[in-house]
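Quick one: sequence plus predicted model below, questions after.
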Amino acid sequence: MVDLLPQWLQDFLGQDVLFWLGYFTNGKHLSWYASVQYTLAAGVLGAVVALALGTLAAAGRNSRFSPARLVGGIYTTVLPGIPDVLFFLFFPLAFEQGMEWLRAQAVCSPIELASGQWPPCTAANLLLGTSEYLILAGVSLGIVYGAFAGNVISGAMNAVPRGQLEAARAFGLSPWQVMTRIHIRQMWVYALPGLSNVWMLLFKSTSLLSLLQISDMVLWADRLGAPNFTRSAGLVHPDWRWGYYLVLLVFYILITFISEKVFAALTRWAGRGMATAGAV
Amino acid sequence: MTMLDAIATDLVLLAKPALFNIYFAIASIPVGFVFAIFMALGKGSSNPLISRLCRGYIYAFRGSPFFIQLFMFYSLALAFNLSVWKPLGIDWIVLNPLILGPAVLALNTTAYTANILHGALMTVPRGEVEAARAFGMSRAQQFRAVIWPNVIRIAWPAYTNEVVFMFHATALVYLTLPVINDQKDLMNKAGELFERDFNAFLHYPVAALYFLAISATIFFVFGRVYRHLMRHLPKPPAMRFSPRWMR
């Protein structure tokens, strides 16, 4: 990578800077920078799933149909009671085993199925790759934080002033129009601060990806920083892991900072034309 | 009955590991609470240097994942082992997961709790503080008699949530730090049991049951404390059980 720089720039930077530039752009470091994509992908997928499930859960909790209320209520009260990391480890395993069980019913012989071994036969084994695990990780984050989002959204739906909805109905708007143009339109102002919190929690949980054997930033930081000893060169560098983790901390703090700014802008946008205390 | 038996066996096997999670929580949360009071006062301080430092601390710890904070402090402890901790003779303290774990948890909960307390500090009714000053109370008296009772009542519901989250965060400690001998916590033990018979549907939900039960206990106890704190106010109407299956 360093060779690509023009000669005059190389002369200007000097040997020391060039050495470190070369070191921080070697193959392993480039893989580290590239692994940011897994973190971002899991975060975005998790957010989409969480928003969808949160909306469903909020609709269920406010539904007129008691089983839907029950399911929505259990989902939004039980899941926040268990650690995200537990569900994050459990869901991909459970999903994989469920799929393997289904496959085993089709491909294994009855004798093998009755043996009580797991898996019943080798043909039923599923070998999941990074992308499948990434999707499972994103979905399980989405399920966990969907419960939080459900609480936020159902609270926000109830926070919209009744008078607004009554006025809309009095104007002759259909129930669908009342819901989309008045209820959901105003709900965002009350939901966005809470959703911002949920997003921050969700994104911080993407640091767990390495637990599912995805070579994300955390795993690469561990590999790059570990004391590096080669027979020909001796000790290349001592334990530098804390420096690499410090970089990760700064990365997450930066994402938090950017998210705060984006959510502030979103809140301003969602509240346009509404007479709230925060309005400019 | 075999399934109930299996669940009962797991409940027994996971009882001792649950104690490690409870230990981590109990060893870190009170320490973090005391630090947080000073950190919250520091954030609200009129001295710009103290205020900036406390703000920075709170922002850094709230803005980054606890998992990576644990990794970083553990690798710091490892990296300076030979050069600093060993010569000082404190390596067995610094590298002991039963001390390092609660220490990092305490640093983390300090930041979150300080933010909650600072938010409460900002909403203490100004008139009450002015009345206290008019009575000629000293700063310490104002804090003890007027500001603190207000702060703790405003902050308590949010602090309850923070304590439950902190308890959940203890699940991460032994995913990072080394496990010494049989000192496994709930996550380790559930993982070990899973590797024995690959029954994910049994071991993880039972571990989750422990977390749920302890979280519910925390909510119950803190709810009782909140009722005690609010005993001077008229009681809210008691809940009535009147199911309506179709509204």
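Everything's here; your move. Residues are numbered from 1 along each chain as shown, chains lettered A, B, ... in the order given.

Residue B:206 and residue B:190 touch, don't they?
Yes. With contact defined as C-beta atoms under 8 Å, residue B:206 reaches residue B:190; the gap is 7.4 Å. C-betas here are computed from N, CA, C, even on glycine.

Report the contact partners of residue 158.
Just going to use chain A. By C-beta atoms under 8 Å, 6 or more residues apart in numbering or on different chains, the residues touching residue A:158 are residue A:62.

The chain in question should be chain B.
Listed by C-beta under 8 Å, 6+ apart, the contact set of residue B:158 reads B:116, B:119-120.

Which among these count as buried?
B:116, B:120 (16 or more other C-beta atoms under 10 Å in any protein chain shown).

what sits in contact with each of residue B:206 and residue B:190?
residue B:14.

about what we covered before: want to throw the contacts of residue B:158 into a markdown table with secondary structure and pLDDT?
As requested, the contacts of residue B:158 are exported to a markdown table (DSSP: H, G, I helix; E, B strand; the rest coil; pLDDT from 0 to 100):
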| residue | secondary structure | pLDDT |
| --- | --- | --- |
| B:116 | helix | 94 |
| B:119 | helix | 92 |
| B:120 | helix | 93 |
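
Put together a markdown table for the contacts of residue B:158, with distance to chain A on each row.
Shown next, in a markdown table, are the contacts of residue B:158 (distance: C-beta to the nearest C-beta, whole Å):
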| residue | distance to chain A |
| --- | --- |
| B:116 | 13 |
| B:119 | 13 |
| B:120 | 17 |
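
that older thread, neighbour-wise, which of residue B:206 and residue B:190 wins?
residue B:190 (28 against 21; other C-beta atoms under 10 Å in any protein chain shown).

what's the helix or strand for the more buried one?
helix B:186-197 (DSSP states H and E).

and that helix, which residues are buried?
B:186-191, B:193-194.

For the stretch 1-150 of chain A, which residues score under the pLDDT cut-off?
For the stretch 1-150 of chain A, the stretches with pLDDT under 70 are A:1, A:116.

Up against chain B, what does it have?
A:64-66, A:78, A:81-87, A:89-90, A:93-94, A:97, A:118 (C-beta under 8 Å from any C-beta of the partner chain).

Could you report the pLDDT at the residue most central in space within chain B?
Nearest to the geometric centre of chain B sits residue B:166, at 3.2 Å (C-alpha atoms, centre = their mean). Predicted confidence (pLDDT) for residue B:166: 94.

ranges for the strands of chain B?
Applying DSSP state E to chain B gives no strands.

Helices of chain B, start to end?
With DSSP state H as the criterion, chain B has helices at B:2-13, B:15-43, B:48-63, B:66-79, B:86-88, B:91-94, B:97-122, B:126-134, B:139-142, B:148-176, B:186-197, B:200-229.

Find the nearest non-adjacent residue to residue 123, please.
The chain I'm using is chain A. Using C-beta to C-beta, 6 or more residues apart in numbering or on different chains and skipping residues adjacent in sequence, the residue nearest residue A:123 is residue A:107, 4.6 Å away.

Sorry, I should have been clearer: chain B.
Here the residue nearest residue B:123, using C-beta to C-beta, 6+ apart, is residue B:154, at 5.8 Å.

residues touching the one you found, list them.
Here residue B:154 is in contact with B:119-120, B:123-124 (C-beta under 8 Å, 6+ apart).

could those residues be laid out in CSV, adding distance to residue B:89?
Compiled in CSV, those are given as follows (distance: C-beta to C-beta, whole Å):
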residue, distance to residue B:89
B:119, 42
B:120, 42
B:123, 48
B:124, 46
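
Now flag whichever of the residues you listed is closest to residue A:223.
Checking the contacts of residue B:154 against residue A:223 with C-beta to C-beta, the nearest one is residue B:119 at 40.3 Å.

Could you verify my assumption that that closest one touches residue B:155?
Yes. Counting by C-beta under 8 Å, residue B:119 touches residue B:155, with 7.3 Å between them.

and residue A:274, how many neighbours?
A count of neighbours around residue A:274, defined by other C-beta under 10 Å, yields 13.

Now the phi/psi pair for it, please.
Backbone dihedrals for residue A:274, given as degrees, to the nearest 10, come out at phi -100, psi 140.

can you count the residues close to the residue nearest to it when sequence neighbours are not counted?
When the adjacent residues along the chain are set aside, residue A:274 lies closest to residue A:189, with 6.1 Å between them (C-beta to C-beta, 6+ apart). When neighbours are defined as other C-beta under 10 Å, residue A:189 has 21 of them.

Residue A:189 - that's part of a helix, no?
Yes. Judged by DSSP: H, G, I helix; E, B strand; the rest coil, residue A:189 forms part of a helix.

which residues does it contact?
A:156, A:267, A:270-271, A:274, A:276.

go on, residue A:101?
Contacts of residue A:101 were listed using C-beta under 8 Å, 6+ apart, and they are residue A:124.

Quick check: the gap between it and chain B.
10 Å (C-beta to the nearest C-beta, to the nearest Å).

That residue is in what secondary structure piece?
Residue A:101 belongs to helix A:84-107, assigned by DSSP H and E.

Name the residues of that helix that are buried.
A:84-97, A:100, A:103-104.

Return the angle between stretch directions for it and helix B:148-176.
Orientation check (axes from the mean of the first three to the mean of the last three C-alpha atoms, to 10 degrees): helix A:84-107 against helix B:148-176 gives 40 degrees.

helices and strands around whichever helix or strand comes after helix A:84-107, which ones?
Using DSSP H and E, the helix or strand that follows helix A:84-107 in sequence is helix A:110-114. Judged by 3 or more C-beta pairs under 8 Å, 6 or more residues apart in numbering or on different chains; DSSP states H and E, the packing partners of helix A:110-114 are helix A:84-107.

please redo it, this time with the cut-off set to 7 Å
The helices and strands touching helix A:110-114, judged by 3 or more C-beta pairs under 7 Å, 6 or more residues apart in numbering or on different chains; DSSP states H and E, number zero.

Identify the residues contacting that helix?
By C-beta atoms under 7 Å, 6 or more residues apart in numbering or on different chains, the list of residues contacting helix A:110-114 from outside reads A:104, A:120-121.

again with stretch A:247-260
Identification of contacts with stretch A:247-260 by C-beta under 7 Å, 6+ apart yields A:196, A:199-200, A:203-204, A:217-218, A:221, B:60, B:63-65, B:68, B:72.

With stretch A:8-16 instead?
Stretch A:8-16 is contacted from outside by residue A:18, using C-beta under 7 Å, 6+ apart.

now it, how far from the centre of its chain.
41 Å (C-alpha atoms, centre = their mean, to the nearest Å).

cool, stretch B:118-128 as well?
24 Å.

how about the CA coordinates for that stretch, as PDB?
Only the C-alpha atoms of stretch B:118-128 are listed here, as PDB (Å, rounded to 0.1, in the frame of the first residue of the first chain):
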ATOM      1  CA  HIS B 118     -27.600  14.100  37.500                       C
ATOM      2  CA  GLY B 119     -30.900  14.100  35.600                       C
ATOM      3  CA  ALA B 120     -32.700  14.000  38.900                       C
ATOM      4  CA  LEU B 121     -30.500  16.600  40.400                       C
ATOM      5  CA  MET B 122     -31.500  19.000  37.600                       C
ATOM      6  CA  THR B 123     -35.200  18.500  38.400                       C
ATOM      7  CA  VAL B 124     -35.100  19.200  42.100                       C
ATOM      8  CA  PRO B 125     -37.600  22.000  42.700                       C
ATOM      9  CA  ARG B 126     -35.700  25.300  42.800                       C
ATOM     10  CA  GLY B 127     -38.000  26.800  45.400                       C
ATOM     11  CA  GLU B 128     -37.200  24.100  48.000                       C
END
